[in-house]
Each structure stands twice: as C-alpha cells, then as structure tokens.
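give me coordinates for this.
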Amino acid sequence: MASTDITETAPAKATSDDLAGLEAGLDALDAVQTHRTPVREVLVKKVLPPVLAVGLVLAVWQVLVSAHVTDATKLPSPSAVWDGLSAMWLKGTLLEVIWTSVSRGLLGFLLALAIGTPLGLLVARVKFVRAAIGPILQGLQSLPSVAWVPPAVIWLGLNDSMMFAVILLGAVPSIANGLVAGHDQIPPLFLRAGRTLGATGLKGTWHVVMPAALPGYLAGLKQGWAFSWRSLMAAEIIASSPDLGLGLGQLLENGRNNIDMPGVFLAIILILLVGIAIDLIIFSPLERWVLRTRGLLVKS
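Purely as a prediction, here's the structure:
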C-alpha cells in the first residue's frame, strides 16, 4: 500500500517541479536588467565613436586646406573658424545668437504641436475630414518651407509673427500626418476592446488611441521639429532685419554678405550642433522611453 502511494505521488511531484521551473524561467525572461552600465563601457560605445568621427572630419578638412585645393577665401581652416567662435564668446554674443534662434524654434514647435495634434486626431478619426483635407496636408508636407517666407513677409511684415507663421506652415502638416500614420497602424482589436470597456470619445482617445499611436506620433514630432528648425533658418536668412535680432540664420547671411567664409562655416556648424543637441536632449530620451515601455529596450 505504501509503494502504491509513492508511485501515485511521484508524477504529481515531478509535475509540480516542472511547473515551478517553467515559472522561474518565465520570470527570468520578464525580468528587466537594472544594473548600471560601467562608465568605461559608456565611453567606449557611445562617446568614442562620435569623437572619432568628428576628429576624422577635422583631419580631412585640415588636409584639404593644407593641400590648397582651393582658395582660402572659399575654404577656411578649422583654426579660422575656431577664432571666430572664440571672438563671439569673448564678446558675449555667442549664447545670445543661439538663444534667439532656439527660443523661436522651440516656441514655434510648441505652437505647431498644439495645432497639429488635434488636427491629426480629427483627420484620423473623421472620414469626411480625411477625405477633405488629408491630401492637402500631404501636399503641404512636401512643399518647401522657404516658399512661405515671401507671402508671410507681405502678410505680417518683418517681425516674430512672420517667423512663427513660417514655422507653423512647415511643422503642423508633419505632426498631423505622423499622428494619422500612427492611428492607421493601431490594430482594430485595440479600438474594439477600448469601446467594450467604455473608453469612447475623449476617454478613448486619451487612453487607447494616443498610447497606441505613440510610435508614429513621435516620428511625426521629430519630423515636425526638423521642419520647424529648417523653416526658421530659411526665414532668418531671407528676412534679415535689425528689428528681428541676430539669430543663426542672420549670422549665416551676414557671413555671405561680408564674404566671411569662417563666419559662414561657423554659422553652419552652430545650426548643426543645435539640431543634434535638441535630438539628444528631447527626442532620443522619448524614443528610449517608448521602446522601453513596449519591452523593446532593456534598461541599462
């Protein structure tokens, strides 16, 4: 009788052990590694590659200058550009010039965000509106932002309102189209499940549509910022005026007017650095957060 009990309980014990092992394995798969990446590894993988790339560009640049491939008035040396940067820093105008453009760009982008987001939701959710203005938004997105500068100057004059108008016309279509694209990629099951649970109207938009459309929406935001920045630079270059203050676009145009190639290169580099900085400070963390919340990126 005792042997029979042992025979009957052995399979049950084995099954219990298997289930426990399976649960432990699943827990290990679901567990997120939270250890801190060593500083040396961060430096090697994330800091060293861009530093090497910048060093290579500077080296090639200096080689071309030393080889006299063209006149010095057309291709200045890196040291000449550095001297221009140092002069602006010593005069106290460098940060002022950068902030003039950055503040305009960020404020214009926030205005475009406030307009483009509800517009994108309206186009995505209402079939009649999509049929009416969806193609127009697509066309506006492909229209070069510089085309809006002349009419904006005529309508609004040489002031900040003209700058913001150009930014809005360039950025709003990108933000709206990004949200529409993200909405179109939502599985229909999500929307039906949301309606079943009572998430309709604004509640459904906030709790179901926006989280599910977030990857496409974020892509639209990145493109919207790129259009905002390019639109602003085009407006500052074409519509230069002392009343507008000195921004990066005006700095570039002043260098061209004065045949100051070190100043032109300096303005180009500053415009590039601002674009990279905004991406690293704002959009890259947002992208990592979205990927992490969807289990596509392990936090390190």
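
where does the stretch 151-300 of the chain have low pLDDT?
By pLDDT under 70, the low-scoring segments of the stretch 151-300 of the chain are 296-300.

quick one, helices of it?
Using DSSP state H, counting those that start in this stretch, the helices found in the stretch 151-300 of the chain span residues 160-184, 188-196, 201-204, 210-212, 214-238, 248-257, 261-278, 284-293.

for the closest residue to Val97 other than its chain neighbours, what are its contacts?
In space, and not counting its chain neighbours, Val97 is closest to Leu246: 5.3 Å by Cβ to Cβ, 6 or more residues apart in numbering. Just so you know, the C-beta spots here come from the backbone N, C-alpha and C atoms, and that holds for glycine as well. When contacts are counted by Cβ atoms under 8 Å, 6 or more residues apart in numbering, Leu246 touches 93, 96-97, 100, 254.

for ChimeraX, what selects the buried ones among these?
Command for ChimeraX that selects the buried part of those, burial taken from 16 or more other Cβ atoms under 10 Å:
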select :97,100,254
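
from the contacts of Leu246, which land in helices?
The members of these that map onto helices under DSSP state H are 96-97, 100, 254.

do you know how far the residue nearest to Val97 is from Leu252?
The span separating Leu246 from Leu252 equals 11 Å under the rule Cβ to Cβ, to the nearest Å.

and Pro187, by the same measure?
Pro187 sits 46 Å away from Leu252, going by Cβ to Cβ.

quick one, what contacts the residue lying closest to Ile167 once chain neighbours are set aside?
What sits nearest to Ile167 in space, not counting adjacent residues and going by Cβ to Cβ, 6+ apart, is Gly108, at 3.2 Å. Gly108 makes contact with 163-164, 167-168, 171, 228, 231-232 under the criterion Cβ under 8 Å, 6+ apart.

could I get the contacting residues of the residue nearest to the spatial centre of the chain?
When the chain is reduced to its mean C-alpha position, the closest residue under Cα atoms, centre = their mean turns out to be Lys222, at 3.1 Å. With contacts defined as Cβ under 8 Å, 6+ apart, the neighbours of Lys222 are 279, 283.

rerun that using 6 Å as the cut-off
By Cβ atoms under 6 Å, 6 or more residues apart in numbering, the contact list for Lys222 reads Phe283.

where's it relative to Ala59, distance?
31 Å.

thinking again about what came up before, the more surrounded of Pro187 and Leu252?
Remark: of Pro187 and Leu252, Leu252 carries more neighbours, 22 against 9, as counted by other Cβ atoms under 10 Å.

the more buried one and Leu266 touch, don't they?
No: using Cβ atoms under 6 Å, Leu252 is not in contact with Leu266; the gap is 8.9 Å.

so the nearest residue to Asp184 once chain neighbours are set aside: helix, strand or coil?
For Asp184, ignoring the flanking residues on the chain, the nearest one in space by Cβ to Cβ, 6+ apart is Ala124 at 7.1 Å. In three-state terms, and counting by DSSP: H, G, I helix; E, B strand; the rest coil, Ala124 is helix.

so what pLDDT did Ala124 get?
We have a pLDDT of 88 for Ala124.

my read: it touches His183, true?
Yes: taking contacts as Cβ under 6 Å, Ala124 lies within contact range of His183: 3.8 Å.

which one's more surrounded, the two?
Ala124 (24 against 21).

and the more buried one, how far from Arg130?
Ala124 is 7 Å from Arg130, by Cβ to Cβ.

what do you get for Phe190?
Distance, Phe190 to Arg130, using Cβ to Cβ: 19 Å.

and what of Gly105?
Distance, Gly105 to Arg130, using Cβ to Cβ: 30 Å.

quick one, which of those two is more surrounded?
Applying other Cβ under 10 Å to Gly105 and Arg130 shows that Gly105 carries more neighbours, namely 26 against 15.

buried stuff in the helix or strand where the more buried one lies?
Assigned by DSSP states H and E, Gly105 falls within helix 94-125. Going by neighbour count (16+ other Cβ under 10 Å), the buried part of helix 94-125 is 94, 97-98, 100-102, 104-106, 108-109, 111-113, 116-117, 119-121, 123-124.

C-terminal to it, what's the next element?
Beyond helix 94-125 toward the C-terminal end (DSSP H and E), the next one is helix 127-142.

how far off centre is that next one?
Computed by Cα atoms, centre = their mean, to the nearest Å, the separation of helix 127-142 from the middle of its chain amounts to 23 Å.

before I go, just wanted to say thanks for your time.
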